[in-house]
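# With the sequence up front, the predicted model follows.
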Amino acid sequence: MMDHIKLSTESQTIISRLLDVQSFEHYQHRNNNYMGLCKYGKLMRLDFRKVFENGKLIGFHHLEISISPHYHFNNYKHNGNDFTPENCIKTIFDILTYLGIEPYEYDLLKIVNIEFGINIIPEIDIKNLINYILYSKKTSFIVPNSEIPYFKITDATKYKQIKAYAKGLHCHGVLNAPEIDANTFRFEVKSKKSANIKKYGINTAIDLFKPETYQKLGQGIIIEWEHILLINKESDLSSLTTAEVEFIQKANKKDFWYQLITEKHRNTFGENKEKYYKILKGKSNLHTKIKGQIIDKLIDLLECAYFPQGNPINKGNLSFENTILKEING
């Protein structure tokens, strides 16, 4: 579930230790006030915030540690397979141990950025699925790079991004991972503000070892999917009335929704979205169908996670509760 994590610490003990870390390369940070070290093609980075006095470097104020647990789990080849909370916890422990950070120091590592998501294999062609995803709430998805047409992103808020993309095509075309199904879809949330991150119960690295954290992330994925406007141009309209067919045909165009956003009545967009999904019942309601797959996958991931006594940070018996699974399933 966890794709990327950025941690920050002002501990001079940790900073001094990681300044001497082996096998990392220097790289030019985009901000000259930082000194950067990296490994695995920047999937693991150490960024030291410089402190100057009279124009001379005298030390470092803080250190930002960027890690990619899912990639680490796959030896930095890809992140297209399933990644359970148990996998994630063990992998994070492995990474921090590799960096020489001890469990008693975990509370000195503040979480300042997280990316988490889920992979599913939809029945619909992945290219059509990505094309049919239009909005998160009233914020339009965009294709930031025309050379990667099946990767969409939206700035849901100033500090949160939603990503929807053809992970299978990326694995086949870029990452050389043919074992991943080419039709794999990834839905991902990026949160880069403490207030947003804390709502998942995440403050420091300690919280990354708690099963309840992953329960909340799973709930967060479902909540974000509920905000998605996903049209279905392949829907079966044979059982609909003439008026319903006309509405669906209009609603299958992005201009229809854009015009609703510009209208004064604040509920117009939501009301039409609800109407659209209500008319498209069963298999034609692609949004509900994908939601079902996401929920099924989350339940599979959460149910298989069990952490016995004596886990890496000695937090006792860690297991996922059935009540949480029921809550996710609605």
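On my side now, so go ahead.

# Please count neighbours and contacts with C-alpha atoms only from this point.
Noted.

# Buried residues, the strand or helix carrying Val51. List them.
If you go by DSSP states H and E, Val51 is part of strand 44-53. Neighbour counts over strand 44-53 (16 or more other CA atoms under 10 Å) mark Met44, Arg45, Leu46, Asp47, Phe48, Arg49, Lys50 as buried.

# closest to Leu96 among the residues you listed?
Set against Leu96, the nearest of the buried residues of strand 44-53 by CA to CA is Met44 (11.1 Å).

# Bridged to the residue lying closest to that closest one once chain neighbours are set aside, which residues?
Spatial nearest neighbour of Met44, chain neighbours left out: Ile67 (4.8 Å); criterion: CA to CA, 6 or more residues apart in numbering. Listed by DSSP bridges, the beta-bridge partners for Ile67 are Ile5.

# burial measure for the residue lying closest to Ile221 once chain neighbours are set aside, as a count.
Ranked by CA to CA, 6+ apart and with sequence neighbours excluded, the top spatial neighbour of Ile221 is Gly117, at 6.8 Å. Neighbour count of Gly117, defined by other CA atoms under 10 Å: 21.

# Repeat that for the one 5 residues further on.
Applying other CA under 10 Å, we find 16 other residues in the vicinity of Pro122.

# what sits against it?
Applying CA atoms under 8 Å, 6 or more residues apart in numbering, we find Pro122 in contact with Asn183, Thr184, Phe185, Ile290, Gln293.

# Restricted to strands, list these.
Mapping those onto strands (DSSP state E) picks out Phe185.

# which among the contacts of Pro122 gets closest to Ile162?
Phe185 (13.5 Å).

# Touching, the closest one and Glu123? I think so.
No - using CA atoms under 8 Å, Phe185 is not in contact with Glu123, being 10.4 Å away.

# Between the two, tell me which one has more neighbours.
Neighbours were tallied for Phe185 and for Glu123 using other CA under 10 Å; the higher tally belongs to Phe185 (24 against 12).

# Can you tell me how far that one is from Ala243?
To Ala243, Phe185 is 33 Å away according to CA to CA, to the nearest Å.

# Show residues contacting the strand holding Val51.
So strand 44-53 is contacted by 15, 29, 33-39, 57-68 (CA under 8 Å, 6+ apart).

# Now the residue nearest to Ile221: phi and psi?
Gly117 adopts backbone torsions of phi -170, psi -170, taken as degrees, to the nearest 10.

# quick revisit: state the number of residues packed around the residue nearest to Met44.
Neighbour count for Ile67, taken as other CA under 10 Å: 23.

# cool, the one 10 residues further on as well?
The burial count assigned to Lys77 is 15, neighbours taken as other CA under 10 Å.

# List the residues that contact it.
Tyr71, Leu175, Asn176, Ala177.

# Generate a PyMOL selection restricted to the buried subset of those.
Per 16+ other CA under 10 Å, the buried members of the contacts of Lys77 correspond to this PyMOL selection:
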select buried, resi 71+177
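
# Among the contacts of Lys77, which pair sits farthest apart?
Tyr71 and Asn176 (13.5 Å).

# helices or strands next to the longest helix along the chain in the packing?
Using DSSP state H, we find that the single longest helix of the chain is helix 286-303. If contacts are counted by 3 or more CA pairs under 8 Å, 6 or more residues apart in numbering; DSSP states H and E, helix 286-303 sits against strand 110-120, helix 211-226, strand 228-230, helix 322-329.

# mind checking which of these is nearest Ile5?
Nearest to Ile5, of the helices and strands packed on helix 286-303 and by CA to CA, is strand 110-120 at 4.6 Å.

# Report all helices and strands that the closest one contacts.
Other helices and strands packing on strand 110-120, by 3+ CA pairs under 8 Å, 6+ apart, are strand 2-9, strand 185-191, helix 194-198, helix 211-226, helix 286-303.

# In the stretch 151-300 of the chain, where is pLDDT below threshold?
156, 264-265 (pLDDT under 70).

# Low-confidence ranges, the stretch 1-150 of the chain, go.
Of all residues in the stretch 1-150 of the chain, none has pLDDT under 70.

# what about the helices in it?
All helices of the stretch 1-150 of the chain, identified by DSSP state H, counting those that start in this stretch, fall at 12-19, 69-73, 85-98, 126-132.

# Tell me which of these sits most buried.
The highest mean neighbour count among the helices of the stretch 1-150 of the chain, using mean count of other CA atoms under 10 Å, belongs to helix 69-73: a mean of 23.

# Against which helices or strands is it packed?
Under the contact criterion of 3+ CA pairs under 8 Å, 6+ apart, helix 69-73 touches strand 2-9, helix 85-98.

# Of those, which is nearest Phe141?
In this view, the helices and strands packed on helix 69-73 are compared for proximity to Phe141 by CA to CA, and strand 2-9 is the closest at 20.6 Å.

# if we can go back for a sec, just the buried ones out of the contacts of strand 44-53, please.
Burial by neighbour count, judged by 16+ other CA under 10 Å, picks out 15, 34-38, 60, 62-68 from the contacts of strand 44-53.
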